[in-house]
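Colleague: Any chance you can model this:
(2 chains, ligands or ions: 2)
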Amino acid sequence: MELDKPLLELKQIVKRYHLDAGDVLALDHINLQIMPREMFAITGPSGSGKSTLMNILGCLDVADEGEYILDGEDVSELQGDELSVIRNRKIGFVFQSFNLLPRLSALENVEMPLLYAGIRNARGAATEALETVGLAERMHHEPAQLSGGQRQRVAIARAIVTNPAIILADEPTGNLDSRVGRDILNLFHDLNRQGRTIVMVTHDSNVAKHCAREARIRDGRVTDVLDHPPIGTQDVADIQPPLAAAG
Amino acid sequence: MLFWTTIKLALRSLMSNKLRSILTMLGMIIGVAAVIAMLALGNGAKASIMKWVSQMGKNTITVFPHNPRIAPVLNGAAEPLTIGDARALLSIPGVKYVSPVVTTSMPVKWSNYHTYCSIIGCASTYILIHDFRVQSGQMFNYFDVRDMASVAVIGPETATRLFGSQNPLGHTITIGTVRFKIIGVLVPKGRHGWFDPDNQVLLPYTTAMTKLMGRQISLNHIDLQVQHASDLSPVQEKIQTILRIRHSLLAGDTDDFWISNQLQVIKMADRIGGAFTIFLGSVAGISLLVGGIGIMNIMLVTVTERTREIGIRKAIGARQRDILRQFLIESVLVSLLGGFIGVGVGVIASHYVKFRNFTGIVEPHMIVLALSISAGIGIFFGYYPARRAARLNPIEALRYE
Ligand SMILES: Nc1ncnc2c1ncn2[C@@H]1O[C@H](COP(=O)(O)OP(=O)(O)O)[C@@H](O)[C@H]1O
Ligand SMILES: [Mg+2]
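Modeller: Ligands and ions are numbered 1, 2, ... in the order given. The predicted structure is shown next:
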């Protein structure tokens, strides 16, 4: 990873939805660069195109026009299983509704991306990821036996276990109360400090302030890109002791 | 690793919905149990016929006279089988024993006891040809036959019916109006359906033909035993040649007699058993088909219910083949589990259900076959739902509530 080159670059991205009533231009020539080790927010009102953009950034969908370079690789023309492989290797998802697999323990949930990557012994790495998010003692619990905050920690462990190029978080605190939400944001800060690139989609300006940069979109266009002053590290340390650097 | 996790997960989802799993498996259980039971019964029927055939003597040939009810149209007049015909067969190389046979059914009486049984008039070699043994007394001999002695050898069942636990040897029984002295009792063989070799009376054929049957000259059949199984066909051909000459048949004439050998009977038993198996097997096949459709139905429901799970798996890197494999493993697991239970039920059923005079015989290859069929059904009927799951669009799947 070269630190002075963008890790993620969108050039003239266009996405349309075809409806009976006519086409919807969901993304209208989006240009965006996200640098390595950044903590980046994408904000905008409902219907502005955040989810559509998130799907394209996460390689769940491809754009109709434009170019998307992810970690030095042009992924604009990939499809089907090729996209699955890119998602598995380069992207870690954190969803608003956690999206853990029911009936699997926390540990088994975190192992899953490694198993899909064809790694035979996933236990060690999965345990380590759960230690990083502070859930080592609960790793044999199933999602139904965990609180919302704990579930989101498992989801974060699952997102980091493959050492992806970026972590994509879609409203990660949206289903949590404010105190637990703050814990999760602090966890993201810690991960970012350990060198991970994080992109967060949110409509909450307080969440966006945690990120060094924020892109605002409206009607499928980027209207502003703002820089935020760093938030005091003291606050983070008060809530949770600093973590050991992750491998 | 992924494989074992998938199996573990599949088992957990089966366990979390026990009633539904059992109902789904029910079709498979019934189908597989039916397959096992049917194959076992077909096998048992065949074995039972084979046992009977081999019990009635090894390497035997039977010659029947022309029966107008079987083949009514003949070029010439049909000649009966005679004692002369039987004697002529003795000279064929490879022939071990020959016995003329006349049969009838008559009331048999001793003291105040009556029974009704088969009367067999035969030569002294009859018990050698058909592998009967004498448990007490002895078989009549050549001189008894020559002298038309009024002696009888009776089956063990006949002995019990007339004499209870008394020793029948030396007593005189009355057949029709003729009196016979009992000189031997046979060892039991066990009855086969309507045919009971243990309830019959053996008499010298000469005595039977003259005293019981009003000077009958026609035999009911001629029984032969050959030295080796390889003699069956050549001897059979030779019999045909000799009898055609003796009956003055011309080149274009059809035989006025009919020869059957034991190999043909065994082949026929095999065919009957095979037809039985195929018929009952296809009945079982239909229940398997129904079971398979049940699995497909439940898998389609499962895929729909777990759409979101499929979306999550795709988001974290599952490829189409990973999802396909997961759902195939689940459907095969359901069908195999049903198959295992079905095998158990089928084995127990074919062991305890007695069908006429035989029980089913289960062989290992049937179990292997039944389990392979179960797995095959899981793959066949699970494929379509699994493919549907594999092809889901991840974004739409993730949005599914
Ligand atoms: N699957 C879809 N089919 C049709 N139109 C869609 C679809 N998804 C989003 N849109 C439309 O695209 C625009 C952007 O939507 P979205 O990306 O969901 O915005 P946001 O997440 O910011 O609310 C909206 O006008 C929305 O109605
Ligand atoms: Mg949205």
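Colleague: Which single residue of chain A ends up nearest chain B?
Modeller: At 2.4 Å from chain B, A:Asn88 is the closest residue in chain A, using C-beta to the nearest C-beta. For glycine as for every other residue, the C-beta is placed from the backbone atoms N, C-alpha and C.
Colleague: Tell me which stretches of chain A form strands.
Modeller: All strands of chain A, identified by DSSP state E, fall at A:8-19, A:22-34, A:39-43, A:65-70, A:73-74, A:91-94, A:166-170, A:197-202, A:213-218, A:221-227.
Colleague: whoops, I mixed them up, the stretch 201-350 of chain B
Modeller: With DSSP state E, counting those that start in this stretch as the criterion, the stretch 201-350 of chain B has strands at B:221-226, B:257-261.
Colleague: Can you give me the buried ones in the shortest one?
Modeller: Applying a neighbour-count criterion of 16 or more other C-beta atoms under 10 Å in any protein chain shown, one finds B:257, B:259, B:261 buried in strand B:257-261.
Colleague: which ones are touching B:Gln200?
Modeller: By C-beta atoms under 8 Å, 6 or more residues apart in numbering or on different chains, the residues touching B:Gln200 are B:117-120, B:154-155, B:158.
Colleague: Which members of these occur in helices, if any?
Modeller: Judged by DSSP state H, these include B:Thr158 as members of helices.
Colleague: which of the contacts of B:Gln200 lies closest to B:Thr359?
Modeller: Distance to B:Thr359 across these (C-beta to C-beta) is lowest for B:Gly155, with 24.9 Å.
Colleague: Spatially nearest residue to the closest one (excluding sequence neighbours)?
Modeller: Nearest residue to B:Gly155, sequence neighbours excluded (C-beta to C-beta, 6 or more residues apart in numbering or on different chains): B:Asp198, at 4.4 Å.
Colleague: Tell me the residues of chain B that contact chain A?
Modeller: Residues of chain B lying close to chain A (C-beta under 8 Å from any C-beta of the partner chain) are B:1-2, B:5, B:9, B:12-13, B:16, B:308-309, B:311-322, B:394-395, B:398.
Colleague: Drop the exposed ones from these and show what's left.
Modeller: B:2, B:5, B:9, B:13, B:308-309, B:311-320, B:322, B:394-395, B:398.
Colleague: Helices - which of those land there?
Modeller: B:2, B:5, B:9, B:13, B:308-309, B:311-315, B:320, B:322, B:394-395, B:398.
Colleague: and the two most separated of those?
Modeller: Farthest pair in those, by C-beta to C-beta: B:Thr5 and B:Ile395, 25.1 Å.
Colleague: low-scoring pLDDT stretches of chain B, where are they?
Modeller: B:1, B:67-78, B:192-195, B:215-216, B:354-357 (pLDDT under 70).
Colleague: quick one, longest helix in it?
Modeller: helix B:262-305.
Colleague: Which strands and helices lie in contact with that helix?
Modeller: In terms of contacts (3 or more C-beta pairs under 8 Å, 6 or more residues apart in numbering or on different chains; DSSP states H and E), helix B:262-305 is packed against helix B:18-55, helix B:320-352, helix B:364-390.
Colleague: Between helix B:364-390 and it, find me the angle.
Modeller: Calculated by axes from the mean of the first three to the mean of the last three C-alpha atoms, to 10 degrees, helix B:262-305 forms an angle of 30 degrees with helix B:364-390.
Colleague: what's the angle between helix B:262-305 and helix B:320-352?
Modeller: 140 degrees.
Colleague: OK, contacts around the residue nearest to the spatial centre of chain A?
Modeller: Closest to where the C-alpha atoms of chain A average out (C-alpha atoms, centre = their mean) is A:Leu168, at 1.4 Å. Counting by C-beta under 8 Å, 6+ apart, A:Leu168 touches A:54, A:57-58, A:91-94, A:199, A:201.
Colleague: I'd like the strands of chain A laid out as TSV, including mean pLDDT.
Modeller: Shown next, in TSV, are the strands of chain A (pLDDT from 0 to 100):
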stretch	mean pLDDT
strand A:8-19	92
strand A:22-34	91
strand A:39-43	93
strand A:65-70	93
strand A:73-74	91
strand A:91-94	94
strand A:166-170	94
strand A:197-202	93
strand A:213-218	92
strand A:221-227	89
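Colleague: mind checking which of those strands is nearest B:Ser111?
Modeller: Among the strands of chain A, strand A:91-94 comes nearest to B:Ser111, with 99.6 Å by C-beta to C-beta.
Colleague: Within the sheet, what are the partner strands of that closest one, with directions?
Modeller: Strand pairing for strand A:91-94, determined by DSSP bridges: strand A:166-170 (parallel).
Colleague: Strand A:197-202 and the strand it pairs with, what's the angle between them?
Modeller: Using the same axes, to 10 degrees: strand A:166-170 against strand A:197-202 is 10 degrees.
Colleague: Would you mind measuring from B:Lys58 to ligand 1?
Modeller: As judged by C-beta to the nearest ligand atom, to the nearest Å, B:Lys58 and ligand 1 stand 82 Å apart.
Colleague: try A:Leu60
Modeller: In terms of C-beta to the nearest ligand atom, A:Leu60 sits 12 Å off from ligand 1.
Colleague: what are the phi and psi values for that residue?
Modeller: As for A:Leu60, its main-chain torsions (degrees, to the nearest 10) stand at phi -90, psi -20.
Colleague: these two touch, right, it and B:Ala315?
Modeller: Yes: here A:Leu60 reaches B:Ala315: they are 6.5 Å apart, a contact under C-beta atoms under 8 Å.
Colleague: Quick check: neighbours shared by the two?
Modeller: Common neighbours of A:Leu60 and B:Ala315 (C-beta under 8 Å, 6+ apart) are A:87, B:394, B:398.
Colleague: Enumerate the residues of chain A near ligand 1.
Modeller: Residues of chain A found near ligand 1 (C-beta under 6 Å from any ligand atom) are A:17, A:19, A:24, A:26, A:44, A:46-52.
Colleague: how does it look with 5 Å?
Modeller: Listed as neighbours of ligand 1 in chain A under the rule C-beta under 5 Å from any ligand atom: A:17, A:24, A:26, A:46-52.
Colleague: Just the CA atoms of the longest helix belonging to chain A, as PDB, please.
Modeller: Assignment by DSSP H gives helix A:178-193 as the longest helix of chain A. Listed next in PDB are the C-alpha coordinates belonging to helix A:178-193 (Å, rounded to 0.1, in the frame of the first residue of the first chain):
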ATOM      1  CA  SER A 178     -25.900   6.900  22.200                       C
ATOM      2  CA  ARG A 179     -23.600   5.600  24.900                       C
ATOM      3  CA  VAL A 180     -23.000   2.200  23.200                       C
ATOM      4  CA  GLY A 181     -22.800   4.100  19.900                       C
ATOM      5  CA  ARG A 182     -20.000   6.200  21.300                       C
ATOM      6  CA  ASP A 183     -18.100   3.000  22.400                       C
ATOM      7  CA  ILE A 184     -18.400   1.700  18.800                       C
ATOM      8  CA  LEU A 185     -17.100   4.900  17.400                       C
ATOM      9  CA  ASN A 186     -14.200   4.800  19.800                       C
ATOM     10  CA  LEU A 187     -13.500   1.300  18.600                       C
ATOM     11  CA  PHE A 188     -13.400   2.600  15.000                       C
ATOM     12  CA  HIS A 189     -11.000   5.300  16.100                       C
ATOM     13  CA  ASP A 190      -8.700   2.700  17.600                       C
ATOM     14  CA  LEU A 191      -8.800   0.600  14.500                       C
ATOM     15  CA  ASN A 192      -8.100   3.700  12.400                       C
ATOM     16  CA  ARG A 193      -5.100   4.500  14.600                       C
END
